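Novice: 3D model of this:
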Amino acid sequence: VQLQASGGGLVQPGGSLRLSCKASRMITSVFNPKTMGWYRQGPEKQRELVAHISGSGSTNYADSVKGRFTISRDNSRKMVYLQMTDLKPEDTAVYYCNDDHGRVPWGQGTQVTVSS
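Specialist: Numbering: from 1, shown residues only. Okay, here's the model as predicted:
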């Protein structure tokens, strides 16, 4: 598996989670300049890109998560993170990481459930 996402779980509305993604089989020279993103797919919904970060650290967010989610990366560890705060039930989904065009084989993702 090239992209291993972890950190999901069950959280109450208003809570926080931090997701991690390790690009374990991607060589550093490929990972470092690559724009990476977090995607999610909710129940009966299409997969959507919620945040992405360039190799130099520039970020962009979907309107639905702007101000609540923060994407970051550690190039030395080939890691991408998603800090999620003020979680809402509509954030419930399986979260995946990939590059910004979804070109890397998809990993299993990590389930985030927001419910009281």
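Novice: so where do the strands sit in this protein?
Specialist: 3-6, 9-11, 17-23, 36-41, 48-53, 59-61, 69-74, 79-84, 93-99, 110-114 (DSSP state E).
Novice: how about TSV for the ones you listed, with mean pLDDT added?
Specialist: Shown next, in TSV, are the strands of the chain (pLDDT from 0 to 100):
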stretch	mean pLDDT
strand 3-6	95
strand 9-11	98
strand 17-23	97
strand 36-41	97
strand 48-53	97
strand 59-61	98
strand 69-74	98
strand 79-84	98
strand 93-99	96
strand 110-114	98
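Novice: now those strands in CSV, with distance to V30 and mean neighbour count?
Specialist: In this view, the C-beta of every residue, glycine as well, is placed from N, C-alpha and C. As requested, the strands of the chain are exported to CSV (distance: least, CB to CB, whole Å; neighbours: other CB atoms under 10 Å):
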stretch, distance to V30, mean neighbour count
strand 3-6, 12, 20
strand 9-11, 30, 14
strand 17-23, 9, 21
strand 36-41, 11, 22
strand 48-53, 15, 21
strand 59-61, 20, 16
strand 69-74, 14, 18
strand 79-84, 14, 22
strand 93-99, 10, 22
strand 110-114, 23, 18
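Novice: need these in TSV with distance to S29, can you?
Specialist: Shown next, in TSV, are the strands of the chain (distance: least, CB to CB, whole Å):
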stretch	distance to S29
strand 3-6	17
strand 9-11	34
strand 17-23	12
strand 36-41	15
strand 48-53	18
strand 59-61	22
strand 69-74	15
strand 79-84	16
strand 93-99	14
strand 110-114	27
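Novice: using CSV, write down the CA coordinates of stretch 102-111.
Specialist: In CSV, the C-alpha atoms belonging to stretch 102-111 read as follows (Å, rounded to 0.1, in the frame of the first residue of the first chain):
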residue,chain,number,x,y,z
GLY,A,102,-5.9,11.0,-7.4
ARG,A,103,-3.2,9.3,-9.5
VAL,A,104,-1.6,7.1,-6.8
PRO,A,105,-3.3,3.8,-6.1
TRP,A,106,-5.9,4.4,-3.4
GLY,A,107,-5.3,3.1,0.1
GLN,A,108,-8.1,1.8,2.4
GLY,A,109,-8.8,5.2,4.0
THR,A,110,-9.8,5.9,7.6
GLN,A,111,-13.4,6.1,8.8
